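Enquirer: here you go, sequence then predicted model.
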There are 4 protein chains.
Amino acid sequence: MINVAICGATGYTGLELVRILLNHPKVAIKALTAKLDKPAKISEVFPELYGRLDMVCEELVVNQVLKKKIDVVFLALPHNVSMEYAPRFLDKGKVVIDLSADFRLRDARIYEKYYGQKHIYKNYLKQSVYGLPELYKNRIKGARLIANPGCYPTGSVLAVAPLLAKNLVGKDKIIIDAKSGVTGAGRRAALYLHFGEVAENMKAYKVGVHQHIPEIEQELNGIAKKSVNLLFTPHLVPLKRGILTTAYVGLKKGTDVPKLIRLYKSFYKQSAFVKVYDDGSLPQVQDVVNSNYCAIGIALSPDKRHAIIVSAIDNLQKGASGQAVQNMNIVYGLKETTGLV
Amino acid sequence: MINVAICGATGYTGLELVRILLNHPKVAIKALTAKLDKPAKISEVFPELYGRLDMVCEELVVNQVLKKKIDVVFLALPHNVSMEYAPRFLDKGKVVIDLSADFRLRDARIYEKYYGQKHIYKNYLKQSVYGLPELYKNRIKGARLIANPGCYPTGSVLAVAPLLAKNLVGKDKIIIDAKSGVTGAGRRAALYLHFGEVAENMKAYKVGVHQHIPEIEQELNGIAKKSVNLLFTPHLVPLKRGILTTAYVGLKKGTDVPKLIRLYKSFYKQSAFVKVYDDGSLPQVQDVVNSNYCAIGIALSPDKRHAIIVSAIDNLQKGASGQAVQNMNIVYGLKETTGLV
Amino acid sequence: MINVAICGATGYTGLELVRILLNHPKVAIKALTAKLDKPAKISEVFPELYGRLDMVCEELVVNQVLKKKIDVVFLALPHNVSMEYAPRFLDKGKVVIDLSADFRLRDARIYEKYYGQKHIYKNYLKQSVYGLPELYKNRIKGARLIANPGCYPTGSVLAVAPLLAKNLVGKDKIIIDAKSGVTGAGRRAALYLHFGEVAENMKAYKVGVHQHIPEIEQELNGIAKKSVNLLFTPHLVPLKRGILTTAYVGLKKGTDVPKLIRLYKSFYKQSAFVKVYDDGSLPQVQDVVNSNYCAIGIALSPDKRHAIIVSAIDNLQKGASGQAVQNMNIVYGLKETTGLV
Amino acid sequence: MINVAICGATGYTGLELVRILLNHPKVAIKALTAKLDKPAKISEVFPELYGRLDMVCEELVVNQVLKKKIDVVFLALPHNVSMEYAPRFLDKGKVVIDLSADFRLRDARIYEKYYGQKHIYKNYLKQSVYGLPELYKNRIKGARLIANPGCYPTGSVLAVAPLLAKNLVGKDKIIIDAKSGVTGAGRRAALYLHFGEVAENMKAYKVGVHQHIPEIEQELNGIAKKSVNLLFTPHLVPLKRGILTTAYVGLKKGTDVPKLIRLYKSFYKQSAFVKVYDDGSLPQVQDVVNSNYCAIGIALSPDKRHAIIVSAIDNLQKGASGQAVQNMNIVYGLKETTGLV
């Protein structure tokens, strides 16, 4: 069995990790931490766990967690907080899967610009592996520190990676219009997350300044092996879970949909969690909710010079905790889909 | 024109007052107050008002408000806060319509028990008129301090008042099962109001201890002219606006639905905002949303010994701000429906 | 492996059966039927199944289904349709788990009154076992025809059974106010199920005439060993899944909450899927969504003479398909929780 | 008073017309028609109107409607149906405001391609005026047949018109990613509109083939005085009302946001219902719901070569019935905002 700790167990990604790992045949949850007024059972915070996991959430103290003989630490902590803890678990030989952004950006200056704080552990950035298995499975196999991708980047990068990898993308900006459910904003008291402000409402936000922009750029540049020209706009829509990403990609030359579908199916043929839809079908959020799949559909502009790629993921699964478990499976040589739906 | 001030303009009831009064032909909004980090235009807080009302929300300072030559003050303030301000406006001869609970309960000890704080202006309780026009229109006409009813009490009292007034109610407990949308909880940051906690969820809450229980009891007792036996359970359901109240009332003797409908229609025949439905129809929340109506439908148990009364209101209109304007209309001798839908 | 057929696979309960059984370690799905314009893969109807179950949904022809060497047939068919098929599978020695109401009511006349059609297979009613494992596990073990309970009856009966069984209930009517999400109404085109009619709306419906009333009465009468006096009112609320049931039960004599909780915990101590909450906690729908649990919380009226019992279930799981699989597990001597969460 | 008939009163746009016109000081509703099994009062179909408008909805028979001495006919009928009735009212000298698409497209062949039916009254296309007051107020003043714009075209055209009119748009495709609430799909029984299929879901649909594409193209081409290159993608999101449109427009040369805002404010300075937001603010759907406003916000890509224009409208108001009344006001020389919020 793989013994795991979940740090930050009372957020939405923490809860999703618990849900997944409780059904994982090779994992034992050994420690939970959370910032609470006083220690409480996870099942008191989330009564759905009552009788299934009644473990107490402790304050996060590294030595206390280490005592539980854990193998893997999932850090479901806020940005800038993960940073402090990851090195301390790594130095004790633990595998760290960090769901925050702290080790995703290779350039610490960009991190500091978008996240507004100094990066105090730059030396760990080099060993960090970006945990998008569809692109980096081999590197993940040997990783000790996995920077689990952001939710928007997962949906965006998977949507356009094949076009960039095959060098089909023209000079137009890649325009990505993404729409997210509300759990992506975290489980915390905030007026703008009040049901009364979200239901029957929708908005674009952080246009041009969203912290996932440099992450998407880093990955797209890496695939394209050059600097891509990205315009990314996130939107908040009134549902709990799910991201629908609509990417508009200008092509070097005209093509047709079946050709693109073949390309995508081929590109993702080793990727158990990517479903490329057949001609005429586009994914909906409900196709992937509560699962670790990314579903992708493809259409073309009438002049066949723009691909419209639609991807759907569950932001808490493939966009966070599901992907984190997928990464753990890869590190441990398990079947990638173990414990995941 | 009636010059009004709205104190607490940035809550849901404050906003609803602004919306209504902007379309009221006899009212001029002269002052807005709110607790903000710094003074801001109401249209910055609620962009829907941009270009329609760009007045600045000031901090609440009584003398500043009085300078605006106001006639009526609407207090859309939290419980325990209204209490401090109402007397000061009253003492200057203003009409005060208080949307909080501070002057609703005639017995200050009960207030203190349910609201957890001393009542520091008990002497004003006597002049306070409970602002439910369907029962107390005459008293409201001459009132200077109107205690605008709570949302649950409005839906509950209107549902069962005719049965009590006509002395038809038997010995069984009156069971009221009420379901409310989320704006009833106020516009404030709180985890339990997060979209992720409310959508696809529902719950009973504050069973037996909800602060509206003594208010409903006071009113039902007053109508019945004796102590009624009430069991009231509120529920939170995932919609923004609306309360559906299902009241189960044991009857002294069997009756039939058409007879009850006639009774209700007769009881409310002077009440412009109560709609009693015909046999076979029950109200839905969408019948009253964005309006000041209370819709009431009536059914009977198979043995005809229990009436099942269903009422629907919009908690921000008839349950708060619409009713407040209705009360103002009555005080000023306007047609009760002026400016209301 | 248990070979199963799901008849009516394209409804909400059919889809939920597929979801559950795909993860069941002892089950192989061998046949799917649906009423479609032409045979289609289940994964075309529900793209979430794409790549996970691409089996074709055939028209329901008994002999065709039998060819697949099935052991168990789940009938997720409309009322009045199941009736025609159950006997034909039973006569071939198959275990039939019927999610419709067709074999739930022991008295065919009551069936005919509430479901508006003749019962043409009354002789099969005798061998039918009501599939509520918390009450009838022993009978279910040997059953060939299981009448899987309705969603409202499951939530209602589990809420009040212990009080009736222990003879604590007084003479007042048992009042059950139930609130259901929309999938309970089935997956079909109907104006009243339109998102525009359901969102931001809520209503009571079928008051006094809902077809689940006689089913609840039958079960409560059976537990009480006499005729109980029930008043059941269903409500439609804007969420997809979940039923919250608030039951108001007059007691023979006053009691206290801890005593009732002990009683409930004892009553359900063999019931893996019932969670009785501790004093001060009441269940929410989100505690049970996507699981087969029924969560129960208990409060008392101030005079301690009325119990307020709140139960929460997922209408598609414990209220339908999860319970059906639970029943299958019991019939086959598996651990009751196998394949269920 | 202007006497009006509303044909198709039981759809969402018909109901919205009734709501608006009941509060319009210069209008009397004289006739309602609907396709019903038998004539019924509008207040039976929509209980919110009970006591406010109890007029019977008749079957649509032109001569019957004409008997009511009407001045204006609002046709809130399905596409291809309006076409048959508009000419018959026009020929009798009535003003016709058609909310369908039947007289919007000047080229009947394009109509036939996108709406799948012959256009049988092409000769009326010439006199039809496209009812977007922000662009065509002068023509609307003298119009007898007004083709009220589609919901998506209203939000899209208003978002990009100033850039095209000022010839600032470069060669890149204009990419419009629009997200709509569900009432835009009409009030009718359809599985894909079921709450269970819409809530917690979202999707792109009719990519490249949506019937509003040629309408948007016609208008943008007209403003640009040349053929624009448009890529329009509609999305369905889980809310009742509202369209958020995100337009990505490549510019001929770099600019800055304040300059664009000045341009937009200047372009719309005569337009009472367009609000251009200040720098740093983008509109949300809740800013315009239940109003006839179109709110517009502007951002730029980091390289300042792409404008990101976000517009928000209420699809039933500015996207349909509100705009229809605005058009009527203009035809009758009333203040444009009469009766509208």
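Expert: Done, it's in.

Enquirer: quick one, phi psi at the residue of the stretch 151-300 of chain A found nearest chain C?
Expert: Among all residues of the stretch 151-300 of chain A, A:Asp287 sits closest to chain C, at 4.3 Å; criterion: CB to the nearest CB. Yep, even glycine has a C-beta here, placed from its N, CA and C like the rest. For A:Asp287, the backbone dihedrals are phi -70, psi -20 (criterion: degrees, to the nearest 10).

Enquirer: and the pLDDT for the residue lying closest to it once chain neighbours are set aside?
Expert: Nearest residue to A:Asp287, sequence neighbours excluded (CB to CB, 6 or more residues apart in numbering or on different chains): C:Pro47, at 4.3 Å. With respect to pLDDT, C:Pro47 has a value of 96.

Enquirer: now do the one 5 residues further on
Expert: At C:Arg52, the model reports a pLDDT of 94.

Enquirer: which pLDDT value belongs to A:Cys38?
Expert: Just to correct that, residue A:38 is Lys rather than Cys. pLDDT, the model's per-residue confidence, is 89 for A:Lys38.

Enquirer: quick check: it vs chain D, distance?
Expert: As judged by CB to the nearest CB, to the nearest Å, A:Lys38 and chain D stand 34 Å apart.

Enquirer: same thing with A:Ala307?
Expert: Here the criterion is CB to the nearest CB. By it, A:Ala307 lies 10 Å from chain D.

Enquirer: tell me the SS of the spatially closest residue to that residue that is not a sequence neighbour?
Expert: Nearest residue to A:Ala307, sequence neighbours excluded (CB to CB, 6+ apart): A:Val249, at 4.6 Å. Judged by DSSP: H, G, I helix; E, B strand; the rest coil, the three-state class of A:Val249 is strand.

Enquirer: for C:Lys269, see how far away A:Val249 is.
Expert: When CB to CB, to the nearest Å is the yardstick, A:Val249 and C:Lys269 sit 60 Å from each other.

Enquirer: the two: which is more packed in?
Expert: Comparing A:Val249 with C:Lys269 by other CB atoms under 10 Å in any protein chain shown, the one with more neighbours is A:Val249, at 22 against 9.

Enquirer: please list the residues of the stretch 151-300 of chain A that sit near chain D.
Expert: Those residues of the stretch 151-300 of chain A that sit near chain D, judged by CB under 8 Å from any CB of the partner chain, are A:172-173, A:175, A:177, A:179, A:181, A:197, A:199-205, A:207-208, A:229, A:231, A:233, A:235, A:237-242, A:244, A:246, A:248, A:250, A:282-286, A:289, A:299-300.

Enquirer: measure A:Val72 to C:Val289 for me?
Expert: As defined by CB to CB, A:Val72 lies at a distance of 28 Å from C:Val289.

Enquirer: for stretch A:175-183, what is the average pLDDT?
Expert: Per-region confidence: stretch A:175-183 scores 98 on mean pLDDT.

Enquirer: count of neighbours near A:Glu336?
Expert: That count, for A:Glu336 with other CB under 10 Å as the rule, works out to 18.

Enquirer: report pLDDT for it.
Expert: Predicted confidence (pLDDT) at A:Glu336: the value is 97.

Enquirer: helices along the stretch 101-250 of chain A, start to end?
Expert: Listed from the start of the chain, the stretch 101-250 of chain A has helices (DSSP state H, counting those that start in this stretch) covering A:108-115, A:133-141, A:151-165, A:195-198, A:213-224.

Enquirer: need the ones you listed in TSV (columns: distance to chain B, mean pLDDT and mean neighbour count).
Expert: Written out in TSV, the entries for those read as follows (distance: least, CB to the nearest CB, whole Å; pLDDT from 0 to 100; neighbours: other CB atoms under 10 Å in any protein chain shown):
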stretch	distance to chain B	mean pLDDT	mean neighbour count
helix A:108-115	22	96	16
helix A:133-141	27	98	18
helix A:151-165	14	98	26
helix A:195-198	4	98	25
helix A:213-224	23	98	21
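
Enquirer: tell me the residue of the stretch 201-341 of chain A that sits nearest chain B?
Expert: As assessed by CB to the nearest CB, chain B sits closest to A:Lys240 within the stretch 201-341 of chain A, at 5.3 Å.

Enquirer: one more: the stretch 1-150 of chain A?
Expert: Checked against chain B (CB to the nearest CB), the nearest residue in the stretch 1-150 of chain A is A:Tyr12, 6.6 Å away.

Enquirer: OK, contacts around that residue?
Expert: For A:Tyr12, the contacting residues are A:183, A:186-187, A:316, B:196, taking CB atoms under 8 Å, 6 or more residues apart in numbering or on different chains as the criterion.

Enquirer: now do 10 Å
Expert: A:Tyr12 is in contact with A:76, A:182-188, A:240-241, A:315-316, A:320-321, B:194, B:196, counting by CB atoms under 10 Å, 6 or more residues apart in numbering or on different chains.

Enquirer: same thing with A:Val72?
Expert: Residues near A:Val72 by CB under 10 Å, 6+ apart: A:2-6, A:21, A:27, A:30, A:89, A:94-97, A:146, A:324-325, A:327-328, A:331-332.
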